[in-house]
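In: Quick one, structure for this:
(chains A and B)
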Amino acid sequence: MLNARHICLAVFLVALAAAPALAQPKPVKATIDRTQIGIGDAAQLNLTFDDTQDIPAPSLTMPSGLSVQYVGPASRVSYINGQMSASITHRYLLIPQAAGSYQVGPFAFTFKDATYEAPAIALEVVAAGTPLSAAPTSEAAPPAGQPEQIFVTLEANKQTLYPNEKALLTIKLFVSQINIHDASFPVFETSGFTMERADQPKQYQVNQNGLLYNVLEFNLLMFPTRTGALPVGPALVRCTQLISQPQQNLPNEFFAKLFGNYETHALELQSNALTINVLPFPDENRPPDFSGAVGKFGLSAQIAPARVAFGDPVTLTVKVTGEGNFKTVSAPVLSDAQGFKTYDPQRTETDREVTFEQILVPKDADLARVPSVRLAYFDPDARQYQTAVAGPFPLEVVPAESAGGAKVVASKEAASQPTSPEELGSDIVYIKEDPGRWQSTQARLYRHPVVAVILVAPLIILLGLWGWSEHQHRLSTDNVYAARFRAHPKAQKGYRQAAADLAANRPQEFYAGVSRTLREFLADKCRASAQTVAADSLTALAGCDALGEDGIEVVKALLTKCDDIRYASLSASQEEMKKDLALLRQALERIGKIHG
Amino acid sequence: MAKRPLTFLLSVGIAIAALALGPLKEARPQDAVFATANNHYKNSEFKEAIAAYESILSQGRCSAALYFNLGNAYFRRHQIGRALLSYERARRLTPRDADIQTNMQLARSQLAYVQPTRMKLLRRISRMPFQWVNLDEWSVAVLLLYLVLMTVLGAMALRKTARRRLKGPAQALAVIFVLGLCLMYVKIKDLGREALVVQPRAEARFAPFEKATAYFELSEGMNVLVIEEKQDWLKVERPDGKTGWVAGSGLALI
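Out: Presented below is the predicted three-dimensional model:
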């Protein structure tokens, strides 16, 4: 009984330990880009493992007649509704050696105790040149179902190319509803192609699978350098995602986002890969002068001058225009170069055309034309060789004497001169014997005090002149100003005259002078006429109040006394005149204080 | 009445200019030393010649010929940086001397570098006139212009009828005077800041100490502008605008 219980327990524990091994195998997504290919072509097999990115590339066993070549991994990170999922796709090229129907798989792999399984895929291989049924192109959009928020696609405008043919490779980064920045220029490994940037990256919006995507598009020009099924990509685009971290403490969602932080997350996005089939140039109808030019080209040419002296050069200018890889265009060849000495052509290339200039020197004076030039190229659209031709060009070769050019005749003396240029020595100029004008090492004219005087003095003089000029102008135009300006000197003069009359004992002249001086001074200061100034009308004068009552009395008494002595023939003693002169001085001082 | 102030102004201007230039002419006690230095040079005793020329400079006296001969002596001793420094000093005194230009060109051709020519436009314009005239000549020209302007303004003050006729010339003179004054100001501001590298090679560093990271190199004979000074270190600006700290011993102010 006890043994049976022990056995049951042991069986349970073994079953528990073996559970992972007995677990359900995980599915692997196996896809193939084309189900029908020709001999010489290749199909791409993708094995996609979800929810992991570290599973190594499984080794595959292929049926006889089909070889396999590992291309590389492609990892993908998806954000759908904020949920991140990762996957890795291992890509293989299936290269057939014989026509027939093949079954690739089924596939079963074990990694870290997990089993991965995928069903078999059918592949049909047909003979080379057999038309293929319509096959789906490589995956360029996210899988159907839930749309992805960020992914990268890789597209080529041509799937089949010839060596050196120009093709456009487009890498698009689709982003919807998430914030990314610092997207890098795509990098990818290619073998058998040379790449060039076609133009600047473009940015636009598209609506796809119900989502509005911001698309960043990079365009490259690619030129295959060898034949075969050549893998391109996947393209790797690195960018940084900004993830909003709302502020947890805030209850309102709007404010939580507004005051939240952003967390950056580096992303590496991989696109799908492509396989470009590069065909060799056909041997059929290959022109002997074909040198690898691929595209559609036109040719135009001209010569200059059309009339040359024998022995002089002619420039043949050939311009190649059209669409294609101009780097593969070599100089067009002359159909018949006999009769000319030719020099290597000079090449000038732009985006739209390439120009060759070649110097030809006629070796035969009887030449009448420059032969035609031709360019053999391969037209990839027509899949056949073409030859563009320009010319021939009429040419007139004349004897050297009649060409009309200037003829240089050297004199006998010149002819006897040696032709090598004269070599002259060089050395510094000898020292100076005269020391010249000595000066102080610190001397600077602008520091000299005289300079300050030169600057200031004219300015002061100028200001004075302006002031004087204005004063003169006002004296001649402003009577009041002129009267006020002249009042004091005139009063002083009158006072001096009165003093002189006193000294000479001339009472009549003395009092007449006193009266005139007082009246004129009062009139000038009070803006009145001297004739209107009288002893009884003093108070009516404007500004006369400034004299004060006693001042007015003094002036009034003085004027009255003057009138009495002048008109009533009264006499006045020397003492009285002295006293009145003092009163005149006092009155003039008071009147001088009037501001008219 | 109106003519007398004009004559007076002109007389004052000429007299003051004569007074200003007069004191710069002095006696020549240095002639004997100069002749001795020249004799040393003729006997190929360049070191002695340099010492004699420098002794005159140490007394605070100089002339264009002295700097020229000193430059020649340094050139003979293969000290191209110092030769260029002397030629440059001579050129500033007599900028139209063809001999100085010739020797400068020859000295520059001995150097293994090309002077960076990219210079700020304003600085280039401000230096242009001083290729042909020295600062003193420029100062006299500006002062004369000032006097002419003052005379014209004086005439306008005295004669009201001439005001309208003289307004245009007065404005033109004022603009030219202000421009001349500005160029003079820039030149004066640069005095004592312009330097020349006299060592075969000098390193400009990010900071004024020996262990600081080197930024760029200055070659012998290169012109720089000193923009700051800190102990024995000078912060210099190359003509292309790069700045760095250089040990003072490698430079000499022009």
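In: Give me the contacts around stretch A:469-482.
Out: Under the criterion Cβ atoms under 8 Å, 6 or more residues apart in numbering or on different chains, residues A:485, A:527, A:596, B:157-158, B:160 lie in contact with stretch A:469-482. Where C-beta positions appear, they are placed from N, C-alpha and C, glycine not excepted.
In: average pLDDT for that stretch?
Out: For stretch A:469-482, mean pLDDT rounds to 84.
In: In the chain, mark out all the helices, start to finish.
Out: Since no chain was named, I'll use chain A. A:2-17, A:19-22, A:253-258, A:412-416, A:449-477, A:479-503, A:507-525, A:548-567, A:574-592 (DSSP state H).
In: oops, I was thinking of chain B
Out: Going by DSSP H, chain B shows helices at B:3-21, B:31-42, B:46-58, B:64-76, B:80-93, B:98-109, B:121-127, B:135-158, B:163-190.
In: Who wins on neighbours among the contacts of stretch A:469-482?
Out: Comparing those by number of neighbours (other Cβ atoms under 10 Å in any protein chain shown), residue B:157 comes first, having 22 neighbours.
In: Check the gap between it and residue A:468 for me.
Out: Distance of residue B:157 to residue A:468, given as Cβ to Cβ, to the nearest Å: 8 Å.
In: what does residue A:427 give?
Out: Residue A:427 sits 66 Å away from residue A:468, going by Cβ to Cβ.
In: okay, those two: which has more neighbours?
Out: Counted by other Cβ under 10 Å, residue A:427 and residue A:468 do not tie: residue A:468 has more neighbours, with 13 against 9.
In: Using JSON lines, please lay out the helices of chain B together with mean pLDDT.
Out: Listed next are these as JSON lines, based on pLDDT from 0 to 100:
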{"stretch": "helix B:3-21", "mean pLDDT": "60"}
{"stretch": "helix B:31-42", "mean pLDDT": "90"}
{"stretch": "helix B:46-58", "mean pLDDT": "91"}
{"stretch": "helix B:64-76", "mean pLDDT": "92"}
{"stretch": "helix B:80-93", "mean pLDDT": "90"}
{"stretch": "helix B:98-109", "mean pLDDT": "87"}
{"stretch": "helix B:121-127", "mean pLDDT": "76"}
{"stretch": "helix B:135-158", "mean pLDDT": "89"}
{"stretch": "helix B:163-190", "mean pLDDT": "88"}
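In: ok, residue B:201 to chain A distance?
Out: Separation of residue B:201 from chain A (Cβ to the nearest Cβ, to the nearest Å): 23 Å.
In: can you check residue B:111 too?
Out: Distance from residue B:111 to chain A, by Cβ to the nearest Cβ: 14 Å.
In: ok, now which ones touch residue A:219?
Out: Contacts for residue A:219 were tallied using Cβ under 8 Å, 6+ apart; they are A:168-170, A:197-199, A:201-202.
In: And the residues you listed, which of them are buried?
Out: Among these, those buried by neighbour count (16 or more other Cβ atoms under 10 Å in any protein chain shown) are A:169-170.
In: Would you mind naming the residues that bridge with the residue lying closest to residue A:285 once chain neighbours are set aside?
Out: Setting aside the residues directly before and after it, residue A:285 is nearest to residue A:385 in space (Cβ to Cβ, 6 or more residues apart in numbering or on different chains), at 5.5 Å. When assigned by DSSP bridges, residue A:385 has beta-bridge partners residue A:378.
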